[in-house]
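Student: model the structure of this input:
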Amino acid sequence: MIDKRVSTLADMVADCPDLRDGAIVLIGGFGDAGVPEKLIETICELGLRNLTVVSNNAGSGDYGLASLLKAGCVGKMVCSFPRSAGSIIFEELYAAGKIELEIVPQGTLAERIRAGGAGIPAFYTATGFGTPLAQGKETREFDGRHYVMERAIRADVALIHARTADRWGNLTYPKTARNFNPIMAMAAATTLAEVRRFVDNVAPEEVVTPGIFVTRMVEIGER
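Tutor: Numbering: from 1, shown residues only. Prediction:
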C-alpha cells in the first residue's frame, strides 16, 4: 500500500541520497507565500555545503531561505529577485564574494523549471535578447524576431509547501502558495513536501500536484 507520509521532519531527510553537498535544490515560494520554512530549517541542520538553490528570490530577514544562506550551505543562487525587502544576508554574502548569482527573468525561470518537469531540454524566448542575460547563449530568429535559447532546470531535490495531502501524495495549495511549488514538484528527482494537514483523500478534480511527483511528506500543522 502506497503511503508517502512520515512522522517527523528528521524522517523526511533521513537516508535521502539526493540531499548531498553540491546538490541542486528547488525551493518553492513567492515572497513569504508558500515557503517550506520547516523543511529549510531541517536542511540547515544537515550542514550541507555548496548547494545550488533555485528560488524566486534570495530570502529576507534571517528565516526561511535566508537562514540557509546564513548557515553557509549555499554556493550559488539562481533567482529573479536577489534584492528584495530585507535580503540583507544574501547581499552581504554576495558583496564578500562568498556566493555566486545567476539572475533569470521571472517568467523565464518558471518556464525553465516547467520544461524540466515536462522533459523539454530547452526552449526559445524573446526575453533577455540583446541584454547581458543573453551573453554566451544561442540565439535564433523566428519570423523576424530574435530569441534566446534557455536550458531547462532539473534538480536533485525540491522543497515545497502544500495545504493538504492524502497518503498517495496528491497535493493542494493554499491560495498564493500555488506559485512555484507545483512546477518545482515535477522538476526534481526527489520532492519533499511539508503539508499543513493530511486528509483521507484529495478529490481528483482538486489535485494540483499528482502524487507520482512526491517522494515524502510530513504534516506541520496550520501556520
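Student: ok, now which ones touch residue 124?
Tutor: Taking CB atoms under 8 Å, 6 or more residues apart in numbering, we find residue 124 in contact with 140, 142, 147, 148, 149, 150. Just so you know, the C-beta spots here come from the backbone N, C-alpha and C atoms, and that holds for glycine as well.
Student: how about the secondary structure of the last one?
Tutor: I take that to be residue 150. Per DSSP: H, G, I helix; E, B strand; the rest coil, the secondary structure class of residue 150 is strand.
Student: what count of nearby residues applies to it?
Tutor: Residue 150 has 23 neighbours, counted by other CB atoms under 10 Å.
Student: make 58 the first number, not 1, from now on.
Tutor: Taking 58 as the first residue, the last one we looked at is residue 207.
Student: wait, it sits on residue 178?
Tutor: No - counting by CB atoms under 8 Å, residue 207 does not reach residue 178; the two are 10.3 Å apart.
Student: centroid-wise, who is the farthest residue in this structure?
Tutor: residue 201 (34.9 Å; CA atoms, centre = their mean).
Student: can you give me the distance of that residue to residue 216?
Tutor: For residue 201, the distance to residue 216 equals 42 Å [CB to CB, to the nearest Å].
Student: now the top helix by length along the chain: mean pLDDT?
Tutor: Determined from DSSP state H, the single longest helix within the chain is helix 163-175. In this model, helix 163-175 carries a mean pLDDT of 98.
Student: for stretch 212-231, same thing?
Tutor: 97.
Student: pull up the distance across it, start to finish.
Tutor: Length of stretch 212-231, first residue to last, CA to CA, to the nearest Å: 24 Å.
Student: distance from that stretch to the middle of the chain?
Tutor: Stretch 212-231 has its C-alpha centroid displaced from the chain centroid by 12 Å (CA atoms, centre = their mean, to the nearest Å).
Student: give the buried residues for it.
Tutor: Under the neighbour-count criterion of 16 or more other CB atoms under 10 Å, stretch 212-231 has 212-230 buried.
Student: what are the ranges of the strands in the chain?
Tutor: For the chain, the strands defined by DSSP state E cover 62-63, 81-84, 108-111, 131-136, 157-160, 179-182, 196-199, 202-208, 212-222, 228-229, 245-255, 273-276.
Student: got any ranges where this structure has weak pLDDT?
Tutor: Low-confidence segments of the chain (pLDDT under 70): 280.
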